[in-house]
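Colleague: what shape does this take:
(chains A and B)
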Amino acid sequence: MADKVIPPEELAKVDYNPGSRDWMDPTVEFRRGIYNYGAVPASTAYLGQPFSKKWQPIDDDWQLPDNWEEIIRNGFKERLDKYRSLKVFMDICVRCGACADKCHFYIGSGDPKNMPVLRAELMRSIYRNDFTTVGKIFGKLAGGRKLTKDVIKEWFSYFYQCTECRRCSVFCPYGIDTAEITMMGRELLNLLGLDIDWISTPAANCFRTGNHLGIQPHGFKDSVDFAVDDLEEIVGVRVDAPVNKKGAEILFVVPSADYFGDPHYFGFLGYMSLFHEIGLDYTFSTFASEGGNFGLFHSSDMMKRLNSKIYMEAKRLGVKWIIGAECGHMWRVLHQYMDTMNGPADFLEAPVSPITGTRFENASSTKMVHIAEFTADLIKHKKIKLDKSRNDNVRATFHDSCNPARAMGLLDEPRYVMNAVCNNFFEMPDNTIREQTFCCGSGSGVGTDENFEMRMRGGLPRANAVKYVQEKHDVNMLACICAIDKATLPPLLEYWVPGVEVCALHELVGNALVMKDEKKRTTDLRQEPLPGMEVTEDE
Amino acid sequence: MNAVIAFFVVLALVVVAWLGVGTADLRFLFGVILPYAGLGLFVVGIVYRILHWAASPVPFRIPTSCGQQKSLPWIKSAKLDNPHSFLGTVGRMALEVLCFRSLMRNTSSELREGPKIGYGPNLWLWVAGLAFHWSFLVILIRHFRYFTEPVPAVIAIVGELDGFFQVGLPILYLTDIFVVGALTYLFLRRVFIPQMRTISLVADYLALFLLLGITTTGVLLRYFTKTDIVAVKELAMGLMSFNPVIPDGIGVMFFIHLFLVSCLLAYFPISKLMHMGGVFLSPTRNLANNNRVRRHINPWNPKVKLHTYEEYEDEFRDVMKEAGLPLEKE
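Modeller: Here you go, the predicted structure:
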């Protein structure tokens, strides 16, 4: 980025005084660093989205269709009729304020409209004005306001300053979930052709090639082959990594960053060495080469479209069940939406670990097991040999990714694995982990370079908790189970907490895993020398 | 400003009742017609609102999980904060409705030099919320002594417990202190905390002032401007038996109290006070986190344009073949 980066000490001066300006006045500012680029028409057109156009949020004219008000009203009405969540959440907020300082964007920006309650009020005010009798009669007195083009701009600004992390919903006495409101708000914006590129382009790629990065089948095969070579060089074992293999027992679905991004890739090496070591009969799929789902950030229809390939591939390949790799939003979709949208998966069998015989009762309908659950079970049954000391150069903490934490409750499985694979594991403070975990600040499609300032602001609470364990325990590694975390936490930590790196949970597993016929490890999976195990001169 | 508007609205209601009964002597209107109207709107309104909400389906099962899931048998799951069974969900809802579980988690954060962010428990909202709601319930139950003859033992016992600390005569009810104290706190935080001031609407103050109006007039009636209790009970029993009478000897203050109650009843279904019903319908709380065990059905599960493997292979067949990937069609 060519822009001057604001130094952290400047950014950390957050003014929480909301000022005296009435929030109902919908003035918004689009300045560099705090918004995302509009979608390129090629992507929106490929996905068949309405009003596909070349467009940027800084433009004065957003080229709204003539009947834009009608589109929003009808779209709003339709969603009120389709989602009880929206209808109830529009009505029952008492504005108690419990959510206000639970949002990472509010803590990092001080912008009152980033208090979850006000973010929702941006939409509620329109709801009251247009859909309630009291609002129609009393207007502003009843908390209603008119739908204007500025309101649309304001929605765009603040519904993309929410990462749908659901932290506020933990604290809300009625469980009001801002993610639901943001999701509806984004769907309404999409109806006017106001999509952002970091969502639409990955979604278009995913629809076409099976993954967000647009990697074609031969490219996927190359990546896997490359990883096999790398792994052989590091551990001295040539692993088998089948792709599109019919009749395998298990389909393994990863987020695409795992085989293309850094540090995700080292976790990918970890999975491959683990599966080889236990002799798992599995296959990758080039078509289901993405577990992540940017459709979740776009609309429920798009989520369904992108997710459909997983069951389709499981059926075509004739596998028995599915394992899903480390990825946060991916698991929200797999856990809370997939079965409803694209199930029932009655052509699959309830998952049973072929190594331990454990029946994964908790996945008996979706037939999809989280890799942390699978690995924890292996470790519990002592089916793999681990040498923790190989991670002794690591002083780790664990970041709960929002969705596995608050839309699943996958909390202790990764911790069990962490404790089994490394000697130095330290928790961040209580209010920042487990269901109270803080978002990376870049989830739900806002992790772009152009949005850098807002990401650093939103990530401040997370980074600050990391800083706490860095100062207290010399932590130098943040382990996590989310592809977006692995992509966006490194720049975040570099900005706020230099000296702490980011890794996949299964990178640590891969490091500790003692494989049959392996050579003496001199490096970790990153091919960085392991302290105390370097090749010595006299050897 | 919003607080001032709401204050004058409630003050106007007080004046209306005052003039209506004190000057115009419209006792039947304020003592019978308006209470019936208020109660009618309350019942019909609540039923309508609940049915209106329930008319929209719950397409997805989206509980907010606030603890460990049930997965492997040797990992202890949080049965109440992340329930996987119906019973657990009932437990979670009970905790939520009776103890305000989520509000109990409340923290406040503080950004200090460094930067360093500190978090600490912040329980005042929870305490005030509980104090208000429970006291209000007890007061409501106590009032049933006006509507029943003979007074059921339960109601009498509630009254006795409430008046446990016998201070002066008439006995001072603890809930009277709690309810006024809690409402005052809830009002003051809206005024003095800048963020709260920003988010508070007229409706937020209106509900508080209405409730404060009702509770203060109630307290005045009980402890200061005494009214003829026997006559009030006669009125209440008349209303209950649909044989309304307006006995003599009831002061204006009582009618102000009753009018504010009538207004609250009428206002309830169209206000945020409907959170009382809505909390039961919140899909992030009232569903079990058993998504991977039981398929949740979306009644409108849409047909969407999919991309099939066949289309995919058609597009990429050549490169797949070259890479040695197995194909469906050569």
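
Colleague: what helix or strand is the spatially most central residue of chain B on?
Modeller: Taking Cα atoms, centre = their mean as the criterion, B:M276 is the residue nearest the geometric centre of chain B, at 3.2 Å. Of the helices and strands defined by DSSP states H and E, B:M276 is found in helix B:275-278.

Colleague: ok, now how distant is the residue nearest to the centre of chain B from chain A?
Modeller: The spacing between B:M276 and chain A, counted by Cβ to the nearest Cβ, to the nearest Å, is 9 Å. For glycine as for every other residue, the C-beta is placed from the backbone atoms N, C-alpha and C.

Colleague: still on that earlier bit, for the helix holding B:M276, list every residue counted as buried.
Modeller: Neighbour-count burial for helix B:275-278 flags B:H275, B:G277, B:G278 (criterion: 16 or more other Cβ atoms under 10 Å in any protein chain shown).

Colleague: can you put these in JSON lines and add pLDDT?
Modeller: Rendered in JSON lines, the data for those read as follows (pLDDT from 0 to 100):
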{"residue": "B:H275", "pLDDT": "96"}
{"residue": "B:G277", "pLDDT": "94"}
{"residue": "B:G278", "pLDDT": "95"}
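
Colleague: I'd like those residues laid out as JSON lines, including distance to A:L505.
Modeller: Listed next are those as JSON lines, based on distance: Cβ to Cβ, whole Å:
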{"residue": "B:H275", "distance to A:L505": "40"}
{"residue": "B:G277", "distance to A:L505": "43"}
{"residue": "B:G278", "distance to A:L505": "39"}
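
Colleague: list the backbone torsions phi and psi for residue 142.
Modeller: Using chain A. Here the main-chain torsion angles of A:A142 (degrees, to the nearest 10) amount to phi -90, psi 20.

Colleague: so it makes contact with A:D130?
Modeller: No - applying Cβ atoms under 8 Å as the test, A:A142 and A:D130 come out as separate, 11.9 Å apart.

Colleague: what is the helix or strand bottoming out on mean pLDDT in chain B packed up against?
Modeller: The element with the least model confidence among the helices and strands of chain B, by mean pLDDT, DSSP states H and E, is helix B:153-162, at a mean of 88. With contacts defined as 3 or more Cβ pairs under 8 Å, 6 or more residues apart in numbering or on different chains; DSSP states H and E, helix B:153-162 has these neighbours: helix B:124-147.

Colleague: coming back round to it: which residues does the next helix or strand after the least confident helix or strand of chain B contact?
Modeller: Using DSSP H and E, the helix or strand that follows helix B:153-162 towards the C-terminus is helix B:174-192. Helix B:174-192 is touched from outside by A:97, B:3, B:124-125, B:128-129, B:131-132, B:134-136, B:138-139, B:142, B:162-165, B:196-197, B:200, B:204-205, B:208-209, B:211-212, B:215-216, B:218-219, B:222, with contacts defined as Cβ atoms under 8 Å, 6 or more residues apart in numbering or on different chains.

Colleague: related to what we said a few turns ago, so for A:A142 and A:D130, which sits in the more crowded spot?
Modeller: Of the pair A:A142 and A:D130, A:A142 is the one with more neighbours under other Cβ atoms under 10 Å in any protein chain shown, namely 21 against 18.

Colleague: are the helix or strand where A:E413 lies and chain B in contact anywhere?
Modeller: Remark: A:E413 resides in helix A:412-421, with elements defined by DSSP H and E. Yes - contact check for helix A:412-421 against chain B, using Cβ under 8 Å from any Cβ of the partner chain: residues in range are A:D412, A:E413, A:Y416.

Colleague: ok, and for that helix, which residues are buried?
Modeller: Applying a neighbour-count criterion of 16+ other Cβ under 10 Å, the buried positions in helix A:412-421 are A:D412, A:E413, A:P414, A:R415, A:Y416, A:V417, A:M418, A:A420, A:V421.

Colleague: nearest residue to the third one in space, please, no chain neighbours.
Modeller: By that I understand A:P414. Distance criterion Cβ to Cβ, 6 or more residues apart in numbering or on different chains; nearest residue to A:P414, sequence neighbours excluded, is A:A372 at 4.6 Å.
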